[in-house]
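Undergrad: Sequence first, then the predicted structure:
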Amino acid sequence: MEPTPDRTHDAGRPSVIEDSLRDVRHGFRVLRRSPGFTAAALLTLALGIGATSAVFSVVRTVMLEPLPYRDPDRIVAVWKQTAAAPAAT
């Protein structure tokens with residue numbers, strides 16, 4: 001007896017694309033019905049994206065790009081440390 005081919009995916013089930021489009025349309029309908037929530041959500045997204053862009057710009061400039069000097073691995077810092085003054089009694 002040979003196994004029957006599995007054809008459950010063709011059993012009238014909508015495709016993933018149709019499901020996604022239906023979900024997107026439903027999301028837009030919900031957002032249209034509640035403008036206060038929509039404004040809060042958009043403001044939160046805008047602030048989050050802006051803050052992330054600003055932080056990444058600083059990190060990229062400070063940590064990821066090479067220093068604008070010739071032979072940056074030869075740059076050193078020199079300082080002098082003095083002994084602490086004796087405590088007064």
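TA: Arrived safely.

Undergrad: which SSE is R70 in?
TA: Using DSSP states H and E, R70 sits within no helix or strand.

Undergrad: The residue nearest the centre of the chain in helix, strand or coil?
TA: For the chain, the residue nearest the mean C-alpha position is T52 (6.6 Å; C-alpha atoms, centre = their mean). The assignment at T52 comes out as helix when based on DSSP: H, G, I helix; E, B strand; the rest coil.

Undergrad: can you tell me which residues contact it?
TA: If you count contacts by C-beta atoms under 8 Å, 6 or more residues apart in numbering, T52 has none. For every residue, glycine as well, the C-beta is placed using N, CA and C.

Undergrad: And it, how far from T44?
TA: Counting by C-beta to C-beta, to the nearest Å, the gap between T52 and T44 amounts to 12 Å.

Undergrad: same deal with T61?
TA: 26 Å.
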